[in-house]
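Undergrad: Give me the fold of what follows.
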Amino acid sequence: MGAACRLVGRSAVGAGRATVRAGRSAGRTAVRAGRGASRATVRAGRGTANGTRRIGSASRRLTHAQGAGRTGLGQLIELTAAQSAGDALVTAALAGTLFKLPVNEARGQVALYLLITMIPFVVVAPFVGPVLDRFRSGRRFVMAGTLFGRGLLCFAMAAAIVPGDVFTIFPAALAVLVLSKAYNVSRAAIMPNVLPADIALVTANARVALFALVAAGVAVPIGAGVSAWPGPEWALRGAVAVFILLGVLAVRLPRHVDSPDFEEREEDGRERPHRWRTLLNVGPVVAEGAGANVAVRLYSGFLLFYLLFLVQDGNLPGLAPAVTIGALAVAAGAGGLAATAVASWTRNHSPQVIVLATLALATVATVAAAIVFTLWTAVAVALTAAFAQGLGKLALDAIVQREIGEEVRSSTFGVVEAFLQVAWVIGGLVGLLLSLFTDGTGGLSVMAVLLGCSLGWLVVRRRGRISARDARVRAATTTTPDDPRSGSGVPDGSGASPAAGDAAPAPAPAPDTGSESPEARPAGSGTRRPAPWKRRRPETGGTTTAIVRRDDPPAEKRTKPLTNPHG
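TA: So this is what the prediction gives:
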């Protein structure tokens, strides 16, 4: 009996020792596994940090290339890209709550949505633009104010989105859109102040647009994932942090971003023309560029809603409706990216020619799609419309930045944005109506006629302006005296010139062109004037000098900006 008990005890002791050995072995294995997992996690974190650092360094090299970091253009590009990411977070958060509008809903609700989108632009044009012009010397703080304001509005929407307070969310969303457009107007107005000497205006605008598109494309899936889990309020809270941080960075932009305030009187003592009177007389170059962009934007709005309702009604066969809509969306995105790439490549090519070329390209593509209307021609025309809209808008921004003076530049951008948005809404409404009565060929034929008439009118107007200018140049060359030092370089219209050796008569007052230039000085002031066909016309902001020659449009010669000491 005792031997049996001793045997059982020894067995129990052996089992306990085996259990202890097994526990120690399992513990060592778990520790090794934990250490391996921690090392793998650390390595993954380091790899992610290194990849992020490399991406940031590469982005910094791209945004600060060609002197952009020295003049402040690089900081402006980064700020605009980050605020575009913040807007994308807001859009993703509100997509499933406030602005969820399926395609298969009634056309009346879609029309109401289109009309609502015009409200912020109606506010921007008459109010925001003049306010920005009044605070030219504090544009950094105006831009920071738009960012801080959007941060506060996003905080209010995050608090109201859970209980579903539409009366708070809806006005706040419209206010966010207004402040976003105000930022874009202010950013476009200060572009000449931060433009390096080696970069053209179209190229600089293309860089800003490209980085903004990339940042928005990265932020949209992040915002959609956060909105799905843990909720859209967290996406809005993330947008709050982004906008507050960007507001601080906006204040830290270089000081030459701000422009000096102009005096209310001209140098000769005359009062400046009224702001709105000057704004409505923007000149033929800006008017032609704006007219072409209005036609392209109307066509873009028409094509968006027309093709969507054709897909819904089954008039665009070939693929499933969801796949077809996805293909059209991908084509539109590719067209926008291609527009920014081509704008970067154009460099010093004339923006006036670029604007007309985009309208001509849209017209040709529409005619071809109207003749042979299939799914793939619809995809091609969607890509062409997005390309023409993006490239034409970048060229129009360059035209306004070059041709419009500092005192009304923001107001001009505000009015241009309002006209473009109204044209887009009108095009969308036309697309809704034509989708009820026509098929793809009929609707595209109507738009082809409209685009063709617009292009013809703009070309005829441009040729008339060029012919009138050439006539003035020929008249100036025939009335120019042999000795360029003895008389005026600009004929006064009488056809007479002072004889050699006679005293120069008192010059007639020069017409009010809205800016004072060295060529407008009276004869006999001791300054030799250039010949009329080589006359230089400096801009009000002093950022570019247009060389007016017989060939049109004038080539740009980059000079050192007056307000940018690093140009």
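Undergrad: Without its sequence neighbours, what residue ends up closest to L195?
TA: A204 (5.7 Å; Cβ to Cβ, 6 or more residues apart in numbering). Backbone N, C-alpha and C define where each C-beta goes, glycine included.
Undergrad: List the buried residues for whichever strand or helix holds the one you found?
TA: For A204, the host element (DSSP states H and E) is helix 201-228. Buried positions in helix 201-228, judged by neighbour count with 16 or more other Cβ atoms under 10 Å: 201-216, 219-220, 223-224, 226-227.
Undergrad: Make sure I have this right: I199 is in a strand.
TA: No - under DSSP: H, G, I helix; E, B strand; the rest coil, I199 sits outside any strand and is assigned coil.
Undergrad: ok so, going back, the helix holding A204 packs against which elements?
TA: Contact analysis of helix 201-228 by 3 or more Cβ pairs under 8 Å, 6 or more residues apart in numbering; DSSP states H and E lists helix 2-63, helix 73-95, helix 232-251, helix 321-346, helix 351-371, helix 375-403 as its packing neighbours.
Undergrad: tell me the angle the second one makes with helix 201-228.
TA: So that's helix 73-95. Put simply, helix 73-95 runs at 30 degrees to helix 201-228, going by axes from the mean of the first three to the mean of the last three Cα atoms, to 10 degrees.
Undergrad: Same question for the third one.
TA: Between the axes of helix 232-251 and helix 201-228, defined by the same axes, to 10 degrees, the angle is 150 degrees.
Undergrad: Check what contacts helix 232-251 and list those residues.
TA: Residues outside helix 232-251 that contact it (Cβ atoms under 8 Å, 6 or more residues apart in numbering): 75, 79, 82-83, 85-86, 89-90, 92-94, 96-97, 140-141, 143-145, 147-148, 150-152, 154-155, 157-159, 161-162, 223, 226-227.
Undergrad: returning to that earlier point: quick check: the gap between the residue nearest to L195 and A378.
TA: 34 Å (Cβ to Cβ, to the nearest Å).
Undergrad: What strand or helix carries N184?
TA: Taking DSSP H and E as the definition, N184 sits inside helix 166-190.
Undergrad: Now find how far off-centre that helix is within its chain.
TA: Relative to its parent chain, helix 166-190 has a centroid offset of 14 Å by Cα atoms, centre = their mean, to the nearest Å.
Undergrad: go on, stretch 131-150?
TA: That offset, for stretch 131-150, works out to 18 Å (Cα atoms, centre = their mean).
Undergrad: Now do it: everything it contacts.
TA: In contact with stretch 131-150 (Cβ under 8 Å, 6+ apart) are residues 79, 83, 86, 90, 175-176, 179-180, 182-183, 185-187, 189-190, 239, 243-244, 246-248, 250-251, 253, 255, 257-262, 275, 406-411, 414.
Undergrad: picking that back up, can you tell me which of the helices and strands packed on helix 201-228 is nearest to F167?
TA: F167 lies closest to helix 73-95 among the helices and strands packed on helix 201-228, at 14.9 Å (Cβ to Cβ).
Undergrad: which helices and strands does the helix or strand that comes right after the closest one pack with?
TA: Using DSSP H and E, the helix or strand that directly follows helix 73-95 along the chain is helix 107-117. Helices and strands touching helix 107-117, by 3+ Cβ pairs under 8 Å, 6+ apart, are helix 284-313, helix 409-437.
Undergrad: Now do the last one: which elements does it pack against?
TA: The helices and strands touching helix 409-437, judged by 3+ Cβ pairs under 8 Å, 6+ apart, are helix 107-117, helix 119-123, helix 129-134, helix 166-190, helix 275-280, helix 284-313, helix 375-403, helix 440-479.
Undergrad: That helix: which residues count as buried?
TA: 409-435.
Undergrad: Surely S435 touches F305?
TA: Yes - with contact defined as Cβ atoms under 8 Å, S435 reaches F305; the gap is 7.3 Å.
Undergrad: Tell me how far the residue nearest to L195 lies from L458.
TA: From A204 across to L458, the span is 25 Å (Cβ to Cβ).
Undergrad: do the same with A175
TA: 36 Å.
Undergrad: cool, and Q421?
TA: Look at Q421 and L458: by Cβ to Cβ, they are 21 Å apart.
Undergrad: can you tell me the average pLDDT over the helix holding N184?
TA: Helix 166-190 shows a mean pLDDT of 87.
Undergrad: tell me what that helix is packed against?
TA: Packing partners of helix 166-190 (3+ Cβ pairs under 8 Å, 6+ apart): helix 73-95, helix 119-123, helix 129-134, helix 139-161, helix 375-403, helix 409-437.
Undergrad: orientation of that helix relative to helix 232-251 in degrees?
TA: 30 degrees.
Undergrad: buried sites along helix 166-190?
TA: 168-170, 172-190.
Undergrad: Equivalent analysis for stretch 464-473, please.
TA: V473.
Undergrad: Just give me the neighbour total for V286.
TA: Counted by other Cβ atoms under 10 Å, the residues lying close to V286 total 19.
Undergrad: Please report how far it lies from A206.
TA: Relative to A206, V286 is positioned 19 Å away (Cβ to Cβ).
Undergrad: go on, M191?
TA: 12 Å.
Undergrad: now do C154
TA: From C154 to A206 the distance is 29 Å (Cβ to Cβ).
Undergrad: swap in A22?
TA: For A22, the distance to A206 - Cβ to Cβ - is 68 Å.
Undergrad: residues contacting the residue nearest the centre of the chain?
TA: With distances taken as Cα atoms, centre = their mean, the residue of the chain nearest its centroid is A209 (5.2 Å). Residues near A209 by Cβ under 8 Å, 6+ apart: A339, T340, A343, G390, L394.
Undergrad: How about I190?
TA: I190 neighbours (Cβ under 8 Å, 6+ apart): L76, R139, V257, S259.
Undergrad: go on, V122?
TA: By Cβ under 8 Å, 6+ apart, the contact list for V122 reads A418.
Undergrad: try 10 Å
TA: V178, A418, Q421, V422 (Cβ atoms under 10 Å, 6 or more residues apart in numbering).
Undergrad: Could you export these as CSV, including distance to L319?
TA: As requested, those are arranged in CSV below (distance: Cβ to Cβ, whole Å):
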residue, distance to L319
V178, 39
A418, 37
Q421, 32
V422, 34
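Undergrad: what's the closest of the residues you listed to T384?
TA: The closest of the contacts of V122 to T384 turns out to be Q421 (Cβ to Cβ; 21.2 Å).
Undergrad: That closest one and F121, how far apart?
TA: 4 Å.
Undergrad: Y306 too?
TA: From Y306 across to F121, the span is 22 Å (Cβ to Cβ).
Undergrad: Pick out whichever of these two has more residues nearby.
TA: Using other Cβ under 10 Å as the criterion, Y306 and F121 rank with Y306 on top: 25 against 22.
Undergrad: measure the more buried one to V330 for me?
TA: 18 Å.
Undergrad: ditto for R46
TA: 35 Å.
Undergrad: Neighbour count for those two, which is higher?
TA: In terms of neighbours (other Cβ under 10 Å), V330 is the more surrounded of R46 and V330; the figures are 13 against 10.
Undergrad: burial count for A369?
TA: Counted by other Cβ under 10 Å, the residues lying close to A369 total 25.
Undergrad: Now for it: which residues touch it?
TA: Contact partners of A369, counting by Cβ under 10 Å, 6+ apart, are 303, 376-382, 384, 440-441, 444-445, 447-448.
Undergrad: before we move on, what about H64?
TA: Contacts for H64 (Cβ under 10 Å, 6+ apart) come out as R70, T71, L73, G74, Q75, I77, E78.
Undergrad: Nearest residue to A331 in space, ignoring adjacent ones along the chain?
TA: For A331, ignoring the flanking residues on the chain, the nearest one in space by Cβ to Cβ, 6+ apart is L383 at 4.1 Å.
Undergrad: Brilliant, that's me finished.
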